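**Student:** here are the coordinates; sequence isn't available:
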């Protein structure tokens, strides 16, 4: 079960001093606030002195403001200097108020600002912090303005706060589930919580439905290992982000071979297909910003291939195949989330729906040119052959 809050970053670096300004809608435990996940996730200024860098604006949104514009700071405060680096710890806290445990992390695209906790970055799922019921993590900022130009933005335009329930008791039933996923209100019922259903017509098929979604919502579906190539290759989790429709319906089907109306994988470097996945949707795809697919592969089935060689391709409307961003989960993330260590787990990100294929790039060595030491060789005699080899991908290999 995943909850997400998209947040706006307004980070401006000024001529003499730099400003780091972040705003996000978030629940505050005490007092009026924009709630997230039915008050299960709360974000508020930290209690220490650096908590002054954060405050609630007129819209009851948390603002992280390291600039002279911050009303909590002295009038002579000048902000951070252009060309400087530094860390501001314990600016705001993220608290998970439900009865389960949850992995919490932040995502954004900025390179000059990093969200950090006591033990390092809390950005991206691989650096998630696990919170016990009513547990909190204190978050600060690490910034690098050494290459920033005056009057330019430091940081990205937005960031997202994620909370993924990890308590085993909260996992959905393997055949049909209905549960709360992420906070989302509708015009008809502003307090409504989304309902999610996953039905299982067969081991290789799932029917997905989520209702009661709100604006810019995120909803996740536990897929119970949709069989793509028996149990060797499976789809384990599907997540939609930036949903702007109240209801989503999808059908997913796995197959070890290409679908009749899709065709075989044909892409550069001759990737080897490991299985195909069809995703059929009953909503306007413009109403969903992003879909994430988490696949897993039996380690023995993967053979000598490296997890880094796994890549997901999407079939285009024209029938071609284009790679999607594919990231293997590291051992720490796998252990923390209680995933099988006998399998390799990868997450693919896409903003389009269609047919997908999980494939691996296997280097195949071939000879590009060869020379023989002797022009003629008598029967039974030996000579030396020197060859230049390369992989199928065009990378040089060792001399033979």
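**Tutor:** Thanks, I have the structure now. All values reported here derive from a predicted model rather than from experimental measurement. Numbers count the residues shown, from 1 in each chain.

**Student:** doesn't residue 85 make contact with residue 144?
**Tutor:** Yes - using C-beta atoms under 8 Å, residue 144 makes contact with residue 85 at a distance of 4.9 Å. The way it works is simple: take the backbone N, C-alpha and C, and place the C-beta from them, glycine included.

**Student:** for the chain, what helix or strand is lowest in average pLDDT?
**Tutor:** strand 12-13 (a mean of 28; mean pLDDT, DSSP states H and E).

**Student:** how far does stretch 77-85 stretch from start to finish?
**Tutor:** The first residue of stretch 77-85 is 17 Å away from its last residue (C-alpha to C-alpha, to the nearest Å).

**Student:** average pLDDT across that stretch?
**Tutor:** Here stretch 77-85 scores 73 as its mean pLDDT.

**Student:** now stretch 324-336
**Tutor:** 88.

**Student:** which residues does that stretch contact?
**Tutor:** Residues outside stretch 324-336 that contact it (C-beta atoms under 8 Å, 6 or more residues apart in numbering): 103, 125-126, 128, 130, 166, 307-308, 310-314, 337, 339-341, 344-350, 356.

**Student:** circling back to that earlier point, neighbour count: residue 144 and residue 85, which is higher?
**Tutor:** Using other C-beta atoms under 10 Å as the criterion, residue 144 and residue 85 rank with residue 144 on top: 15 against 12.

**Student:** quick one: the strands in the stretch 301-400 of the chain?
**Tutor:** Under the criterion DSSP state E, counting those that start in this stretch, the stretch 301-400 of the chain contains strands at 310-315, 321-328, 343-350, 355-360, 365-372, 385-391.

**Student:** out of those strands, which comes closest to residue 226?
**Tutor:** When those are compared by C-beta to C-beta, strand 355-360 sits nearest residue 226, at 11.8 Å.

**Student:** partners of residue 239 in the sheet?
**Tutor:** residue 220, residue 292 (DSSP bridges).

**Student:** again, but for residue 249
**Tutor:** Residue 249 has these beta-bridge partners by DSSP bridges: residue 209.

**Student:** repeat that for residue 359.
**Tutor:** For residue 359, the beta-bridge partners under DSSP bridges are residue 273, residue 311.

**Student:** tell me the pLDDT of it.
**Tutor:** 94.

**Student:** dump the residue contacts of it.
**Tutor:** By C-beta under 8 Å, 6+ apart, the contact list for residue 359 reads 265, 267, 271, 272, 273, 274, 310, 311, 312, 313.

**Student:** look up how far residue 205 lies from it.
**Tutor:** Relative to residue 205, residue 359 is positioned 22 Å away (C-beta to C-beta, to the nearest Å).

**Student:** cool, and residue 81?
**Tutor:** Taking C-beta to C-beta, one finds residue 81 at 59 Å from residue 205.

**Student:** same check on residue 104?
**Tutor:** Per C-beta to C-beta, residue 104 is found 33 Å from residue 205.

**Student:** between those two, who's got more neighbours?
**Tutor:** Between residue 104 and residue 205, counting by other C-beta under 10 Å, residue 104 is the more crowded of the two (23 against 15).

**Student:** for that one, what are its contacts?
**Tutor:** Neighbour list for residue 104: 41, 94, 96, 122, 128-131, 137, 161-164 [criterion: C-beta under 8 Å, 6+ apart].

**Student:** next, residue 126: secondary structure please.
**Tutor:** What DSSP: H, G, I helix; E, B strand; the rest coil gives for residue 126 is helix.

**Student:** what does residue 72 give?
**Tutor:** What three-state DSSP gives for residue 72 is coil.

**Student:** now it: closest residue in space that isn't a chain neighbour?
**Tutor:** residue 52 (4.2 Å; C-beta to C-beta, 6 or more residues apart in numbering).

**Student:** that neighbour: neighbour count?
**Tutor:** Residue 52 has 18 neighbours, counted by other C-beta under 10 Å.

**Student:** which parts of the top helix by length along the chain are buried?
**Tutor:** Scanning the chain for the helix with the most residues, using DSSP state H, yields helix 331-336. For helix 331-336, burial by neighbour count (16 or more other C-beta atoms under 10 Å) applies to 333, 334, 336.

**Student:** pick the one among these closest to residue 292.
**Tutor:** residue 333 (14.0 Å).

**Student:** and the gap between that closest one and residue 319?
**Tutor:** Distance check for residue 333 against residue 319: by C-beta to C-beta, it reads 35 Å.

**Student:** which residues touch residue 146?
**Tutor:** Residue 146 touches 83, 84, 85, counting by C-beta under 8 Å, 6+ apart.

**Student:** was I right to think the second one contacts residue 145?
**Tutor:** Yes - with contact taken as C-beta under 8 Å, residue 84 and residue 145 are classed as touching, separated by 5.4 Å.

**Student:** which one of these two has more residues nearby?
**Tutor:** Between residue 84 and residue 145, residue 145 has the larger neighbour count (other C-beta under 10 Å), namely 21 against 14.

**Student:** next one, pLDDT for that one please.
**Tutor:** pLDDT, residue 145: 76.

**Student:** one more: residue 351?
**Tutor:** 91.

**Student:** so it touches residue 289, yeah?
**Tutor:** Yes - with contacts counted by C-beta under 8 Å, residue 351 reaches residue 289, the gap being 6.5 Å.
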